[in-house]
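> No sequence on hand, only this structure:
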């Protein structure tokens, strides 16, 4: 017998929250049952788009709705811990957007609470589900390039959106800009070099083109060191145009080059490719399924349903989310001090 659809609640109905709701709506076995939005305008939009869903202006009312199975938390970063903690305390499974939290202690507290409640806590590193970026990992794991030794994950894009009430440009509410988008690339780099174990140290540098706001780092680069001399480079510029991401991985027997480009991160018509080389010949690996963040959100919903109903593993666990936050915090500390940072000083 086909199980009943899981009933999802969405807390946060801004631009990205609407994308989450759309992904739930488009995924078999899921339905948007409730929405919590900040303003009356977004509440009204929620009612219009999802007339069968309950819409609240206070997320606590959503959590009081007993028939909600899973909650997506898609709010500004500084609100993640308090709202996520309330979700888990209400007995509901959770998908928490990145960054998981702004501190390691908060990440650890949520992980412990989820374990105590025997609830799924997934973190929104949706790039792991991409037909492109995950194929890089599959090629690595298949031995196609031998032992991976080096990874580069790089993004050039136009400046960040302000966010509701300008929160993304308020360092007290965003935490730091490394936690915004580079956190995805730290996650990919750690994933690609997982055979080398945990990162050991990190050095980073950054600058800003915004006079009077050095904390808003438009250009950022980091070197992440692993055991055995293996390392990754994570780099981003917000001083460019459109949205262009690259990943390159070099191993003892070959290399991989993946690229994605679009007018913006949410485009439905990107261009992308994946190439592999054994040092002598180059082959293009076909990527049959279109890739992009809005498509991976649907894959993320399906993944979470499978984890809840069938016990399948999460694509990005609370442990993964904590390590991604830890690398970003180490990077910011390195930028501030000009010194390399040992990961054991952070996690």
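Received it, and whenever you're ready, just let me know what you need. Bear in mind that the values here come from a model prediction, so they are computed numbers and not experimental data.

> Give me the number of neighbouring residues for residue 152.
Residue 152 has 18 neighbouring residues, counting by other C-beta atoms under 10 Å. For the C-beta atoms, the positions are set from N, CA and C on the backbone; glycine is no exception.

> Kindly report the same for residue 40.
Applying other C-beta under 10 Å, we find 9 residues neighbouring residue 40.

> Just give the closest residue to it, not the sequence neighbours.
In space, and not counting its chain neighbours, residue 40 is closest to residue 57: 7.2 Å by C-beta to C-beta, 6 or more residues apart in numbering.

> Neighbours of residue 132, how many?
Residues lying near residue 132 (other C-beta under 10 Å) number 23.

> which residue packs closest to it, ignoring adjacent ones?
In space, and not counting its chain neighbours, residue 132 is closest to residue 291: 4.2 Å by C-beta to C-beta, 6+ apart.

> Give me the three-state assignment for that neighbour.
Following DSSP: H, G, I helix; E, B strand; the rest coil, we place residue 291 in the coil state.

> got it, and the one 5 residues further on?
Three-state secondary structure (criterion: three-state DSSP) places residue 296 in helix.

> Quick check, it in contact with residue 130.
Yes - if you go by C-beta atoms under 8 Å, residue 296 and residue 130 touch, sitting 5.2 Å apart.

> Contact partners for the residue nearest to residue 132?
Residues near residue 291 by C-beta atoms under 8 Å, 6 or more residues apart in numbering: 130, 131, 132, 133, 260, 270, 272.

> again, 10 Å this time
Residue 291 sits next to 127, 129-135, 258, 260, 270, 272, 274, 299 when contact means C-beta atoms under 10 Å, 6 or more residues apart in numbering.

> what's the answer for residue 139, then?
Residue 139 sits next to 145, 148, 192, 249, 251, 254, 256, 258, 274, 276, 285 when contact means C-beta under 10 Å, 6+ apart.

> just curious, which of those residues is nearest to residue 306?
Nearest to residue 306 among the contacts of residue 139, counting by C-beta to C-beta, is residue 192 at 23.5 Å.

> count of residues packed around the closest residue to the closest one other than its chain neighbours?
Computed as C-beta to C-beta, 6+ apart, the closest residue to residue 192 that is not its neighbour in sequence is residue 151, at 4.7 Å. By other C-beta under 10 Å, 28 other residues sit near residue 151.

> ok but residue 258 is inside a strand, no?
Yes - Residue 258: assigned to a strand according to three-state DSSP.

> The spatially closest residue to residue 171 that is not a sequence neighbour: what secondary structure?
Of all residues not flanking residue 171 in the chain, residue 215 sits nearest, at 4.7 Å (C-beta to C-beta, 6+ apart). Under three-state DSSP, the three-state class of residue 215 is coil.

> And residue 215, its phi and psi?
Backbone torsions of residue 215, given as degrees, to the nearest 10, read phi -70, psi -20.

> Output the below-cut-off pLDDT ranges for the protein.
Applying pLDDT under 70 to the chain picks out residues 1-2.

> Enumerate every residue touching the closest residue to residue 92 other than its chain neighbours.
With C-beta to C-beta, 6+ apart as the criterion, residue 92 has its nearest non-adjacent residue at 5.0 Å, and that residue is residue 71. By C-beta under 10 Å, 6+ apart, the contact list for residue 71 reads 7-11, 34, 36, 59, 62-63, 65, 83-84, 86-88, 90, 92-96.

> how close does residue 71 sit to residue 320?
19 Å (C-beta to C-beta, to the nearest Å).

> Then residue 258?
Distance of residue 258 to residue 320, computed by C-beta to C-beta: 20 Å.

> between those two, which one's more packed in?
residue 258 (25 against 20).

> packing partners for the strand or helix carrying residue 95?
Secondary-structure element containing residue 95, defined by DSSP states H and E: strand 93-97. Strand 93-97 sits against strand 6-11, helix 15-25, strand 70-73, helix 80-89, helix 104-117, strand 121-124, helix 293-310, helix 318-337, with contacts defined as 3 or more C-beta pairs under 10 Å, 6 or more residues apart in numbering; DSSP states H and E.

> now do 7 Å
strand 70-73, helix 80-89, strand 121-124, helix 293-310 (3 or more C-beta pairs under 7 Å, 6 or more residues apart in numbering; DSSP states H and E).

> List the buried residues of the last one.
Buried residues in helix 293-310, defined by neighbour count with 16 or more other C-beta atoms under 10 Å: 293-305, 307-308.

> tell me the domain ranges of this protein?
With domains defined by automatic domain parsing, the chain comprises 6-126+297-316, 128-290+325-345.

> Point out the most buried one among those.
Stretch with highest mean neighbour count among the domains of the chain: domain 6-126+297-316 (a mean of 20; mean count of other C-beta atoms under 10 Å).

> What's the end-to-end length of it?
Domain 6-126+297-316 has its terminal residues 20 Å apart, counting by C-alpha to C-alpha, to the nearest Å.

> With stretch 279-297 instead?
One end of stretch 279-297 to the other measures 35 Å (C-alpha to C-alpha).

> now stretch 128-144
End-to-end distance for stretch 128-144: 19 Å, by C-alpha to C-alpha.

> start at 29 instead
In the new numbering, first residue 29, that becomes stretch 156-172.

> chain center to it, what's the gap?
Centroid separation for stretch 156-172 versus its chain: 17 Å, with C-alpha atoms, centre = their mean, to the nearest Å.

> can you check stretch 126-136 too?
Chain-centre distance of stretch 126-136: 13 Å, with C-alpha atoms, centre = their mean.
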